[in-house]
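A.B. asks: what shape does this take:
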Amino acid sequence: MTKPIEDWKNVLLDTSVIIDFLMIPERIINNDVAKNKVQNTHKLFKYFEDSASDNKRTLFITAITLSELRKITTDTTVIDILVNLFSSSDVVFVDFTKEMAMQIHTHMDLLGKEPHLNKFLKDLTTDLNKSDVYQASGWVSDDLKIVATAKFFKGKIDVVLTGDGKTFVPLAQRFDVAVVNTMSLPKDLFDGIDVRGALN
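C.D. replies: The predicted model follows:
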């Protein structure tokens, strides 16, 4: 079972969480699910900020996430932006190393072996049509690399935080990596984040 939020010391951020944190909830219309997810993310990071003096956290961001973020922004100072954005926590940027790649090759046996990856993609995205599956292969490969990074640091990373329940969560669970979807954060009676609540 994943530790309660108040006990998180080392949190690896999936790209989706950073994107959600950068979004403004009030500007999301006609999509209550997306709006709730973004609001949850903002509430969680507000808790991180408010509790920073009592509970210092380290946020880990992978080189894969930096690469993904650079695809959606022309700003070359993305690292500085992230450090400032999460200024209430220590931010550590993690390279994707040869050892992590070997982790995928040895223990995951998916990435780089196209038939295995395609089969897993089809199993994972059975509700998508064929063209969607092939378009998804690139970012699922990136998700695998982020999961491999978390697995490489197993015992040091308390949780991987994601806003992607459709593909990232199943990938992480398949490889026994502690993961929490921002849509599944426990709530208190006032719709705030229950930092002592149980997590699956």
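
A.B. asks: was I right about D14 contacting V160?
C.D. replies: Yes: with contacts counted by CB atoms under 8 Å, D14 reaches V160, the gap being 6.1 Å. Every residue, glycine included, has its C-beta placed from N, CA and C.

A.B. asks: common neighbours of the two, please.
C.D. replies: Residues touching both D14 and V160 by CB atoms under 8 Å, 6 or more residues apart in numbering: 146, 168.

A.B. asks: so which residues of this protein form helices?
C.D. replies: Listed in chain order, the helices of the chain (DSSP state H) span residues 15-22, 32-50, 63-72, 78-85, 98-103, 114-124, 130-152, 168-174.

A.B. asks: give me the angle between the third one and helix 15-22.
C.D. replies: What it means is helix 63-72. Orientation of helix 63-72 against helix 15-22 (axes from the mean of the first three to the mean of the last three CA atoms, to 10 degrees) gives an angle of 50 degrees.

A.B. asks: for helix 63-72, buried residues please.
C.D. replies: Judged by neighbour count (16 or more other CB atoms under 10 Å), helix 63-72 contains these buried residues: 63-66, 68-69.

A.B. asks: mean pLDDT lowest for which of the helices of the chain?
C.D. replies: Per-segment mean pLDDT for these reaches its minimum on helix 114-124, at a mean of 56.

A.B. asks: circling back to that earlier point, need the helices of the chain in CSV with distance to T182, can you?
C.D. replies: Below are the helices of the chain laid out as CSV (distance: least, CB to CB, whole Å):
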stretch, distance to T182
helix 15-22, 6
helix 32-50, 5
helix 63-72, 15
helix 78-85, 16
helix 98-103, 25
helix 114-124, 20
helix 130-152, 15
helix 168-174, 11
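
A.B. asks: can you tell me the closest non-neighbouring residue to D20?
C.D. replies: Closest residue to D20 in three dimensions, ignoring its sequence neighbours and counting by CB to CB, 6 or more residues apart in numbering: T41, at 4.2 Å.

A.B. asks: close enough to count as contact, the one you found and I18?
C.D. replies: No: under the criterion of CB under 8 Å, T41 is not in contact with I18, lying 9.1 Å apart.

A.B. asks: give me the neighbour count for L189.
C.D. replies: Counted with other CB atoms under 10 Å, the neighbours of L189 add up to 6.

A.B. asks: ah, wrong one, I meant R174
C.D. replies: By the other CB under 10 Å criterion, the neighbourhood of R174 contains 15 residues.

A.B. asks: and it, how close does it get to L82?
C.D. replies: Note on R174: its distance to L82, by CB to CB, to the nearest Å, is 28 Å.

A.B. asks: list the residues that contact the most centrally placed residue in the chain.
C.D. replies: Computing the C-alpha centroid of the chain and ranking residues by CA atoms, centre = their mean puts D14 first, at 2.3 Å. Contacts for D14 were tallied using CB under 8 Å, 6+ apart; they are 65, 143, 146, 160-164, 168.
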